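Novice: From the sequence below, what's the structure:
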Amino acid sequence: MKKLILVSLLGLFAHGSSAQMKTFLDVPYIEVFGSADTLVTPNEIYISIMIAEADVKNRTSLEEQERKMVAGLKSLGINTEKELTTSDMQSNFKYYVLKQKDVMKTKSYSLKVGDAVLATRVFMKLEELGIANANLDRVGHSDMVKLKNLCRTNAVKNAYDKAKALASPIGASVGAPLHISDFSNDGDGATQLASSQIRIRGMSTLNEVKETLPQIDFEKIRISMNVSVKFMLK
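Specialist: Next comes the predicted model:
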């Protein structure tokens with residue numbers, strides 16, 4: 001008897017699920033894709049820096065180079081405690097065999113600055129200190145999550161407008177959304193830099209100081225969101 005009741009209940013549940021699915025499929029709907037994008041100026045610029053100490057006479061110790069580098073960056077108004085980090089957190093030091101018995105001790109860093117002008121000043125300061133191994137690594141934006149969600153909102157609006165344009169000629173109207181899928185790439189937003197994304201303009205005079213600096217320009221970051229929405233048709 002218990003088995004009969006259990007089987008009956010399972011049959012009722014299955015019938016209910018089937019009816020619900022059938023009801024959903026029977027509802028007239030339209031599926032459209034919506035998209036939205038925007039361009040933003042990077043406000044997080046990451047610079048990779050490496051200092052090295054060769055195992056030779058009259059060498060400048062790695063610790064001394066690090067001390068001078070930190071002091072130089074602070075002179076530019078950079079909060080090194082917050083913006084300067086070692087790139088290799090497992091081991092601050094790496095050793096490379098050069099020729100035969102020569103060994104080079106190196107240490108890598110990642111520095112974050114807020115604009116292209118400060119990035120230019122950093123490179124000039126590093127060159128002044130004799131640190132030549134530095135390059136632009138990647139760029140990002142501090143409000144990336146907010147900007148992506150705004151694009152998602154606009155993508156859904158774009159889908160709704162498309163649905164209305166498609167439904168109107170057949171005398172239908174667009175009802176409530178039945179299903180929304182997000183096909184966007186939701187990474188951290190940091191963009192690895194290629195040489196094509198960087199441009200160095202001639203000499204640009206800055207008002208704050210009486211000096212001329214080459215001006216680094218970055219391409220704006222493109223944020224693009226894509227969605228698929230099923231709308232009920234009435």
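
Novice: for this protein, where's the lowest mean pLDDT among helices and strands?
Specialist: Sorting the helices and strands of the chain by mean pLDDT, DSSP states H and E puts strand 198-205 at the bottom, at a mean of 46.

Novice: And the protein, split by domain according to the record?
Specialist: Annotated domains of the chain cover 28-42+141-234, 44-139 [automatic domain parsing].

Novice: now the ones you listed as JSON lines including mean neighbour count?
Specialist: For glycine as for every other residue, the C-beta is placed from the backbone atoms N, C-alpha and C. What follows is these, written out as JSON lines (neighbours: other C-beta atoms under 10 Å):
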{"stretch": "domain 28-42+141-234", "mean neighbour count": "15"}
{"stretch": "domain 44-139", "mean neighbour count": "15"}
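
Novice: For the residue nearest to E83 when sequence neighbours are not counted, give me its contacts.
Specialist: Excluding the flanking residues, the one nearest E83 by C-beta to C-beta, 6 or more residues apart in numbering is K112, at 4.7 Å. Residues near K112 by C-beta atoms under 8 Å, 6 or more residues apart in numbering: 44-47, 83.

Novice: now swap in A132 and tell me
Specialist: A132 is in contact with L126, counting by C-beta under 8 Å, 6+ apart.

Novice: can you pull the contacts of L39?
Specialist: Contacts of L39 by C-beta under 8 Å, 6+ apart are 220-223.

Novice: Run through the bridge partners of it.
Specialist: Applying DSSP bridges to L39 yields these beta-bridge partners: R222.

Novice: what's the answer for the one 5 residues further on, then?
Specialist: Beta-bridge partners recorded for E44 (DSSP bridges): G140.

Novice: again, but for the one 5 residues further on
Specialist: As for beta bridges, I49 partners with Y109, A134 under DSSP bridges.

Novice: Q65 contacts I51, doesn't it?
Specialist: Yes. If you go by C-beta atoms under 8 Å, Q65 and I51 touch, sitting 4.6 Å apart.

Novice: Need the residues touching each of these two.
Specialist: Both Q65 and I51 are contacted by I131, under the criterion C-beta under 8 Å, 6+ apart.

Novice: From S48, how far off is P177?
Specialist: 45 Å (C-beta to C-beta, to the nearest Å).

Novice: Tell me where the model's unsure across the chain.
Specialist: For the chain, the stretches with pLDDT under 70 are 1-25, 54-58, 87-103, 187-215.

Novice: let's see it at 80
Specialist: Where the chain drops to pLDDT under 80, the residues are 1-26, 54-60, 87-104, 185-217.

Novice: Grab the nearest non-local neighbour of F183.
Specialist: Nearest residue to F183, sequence neighbours excluded (C-beta to C-beta, 6+ apart): N226, at 4.5 Å.

Novice: What strand or helix carries the one you found?
Specialist: If you go by DSSP states H and E, N226 is part of strand 221-233.

Novice: Restricting to C-alpha, output that strand in CSV.
Specialist: Taking C-alpha atoms only, strand 221-233 is exported to CSV below (Å, rounded to 0.1, in the frame of the first residue of the first chain):
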residue,chain,number,x,y,z
ILE,A,221,39.0,50.4,-22.7
ARG,A,222,36.0,49.0,-24.5
ILE,A,223,33.3,47.4,-22.3
SER,A,224,30.9,45.2,-24.2
MET,A,225,27.9,43.3,-22.8
ASN,A,226,25.7,40.8,-24.6
VAL,A,227,22.4,39.3,-23.5
SER,A,228,19.6,37.0,-24.8
VAL,A,229,16.0,37.7,-23.7
LYS,A,230,12.8,35.8,-24.2
PHE,A,231,9.8,38.1,-24.0
MET,A,232,6.1,37.0,-23.9
LEU,A,233,4.1,38.1,-26.8
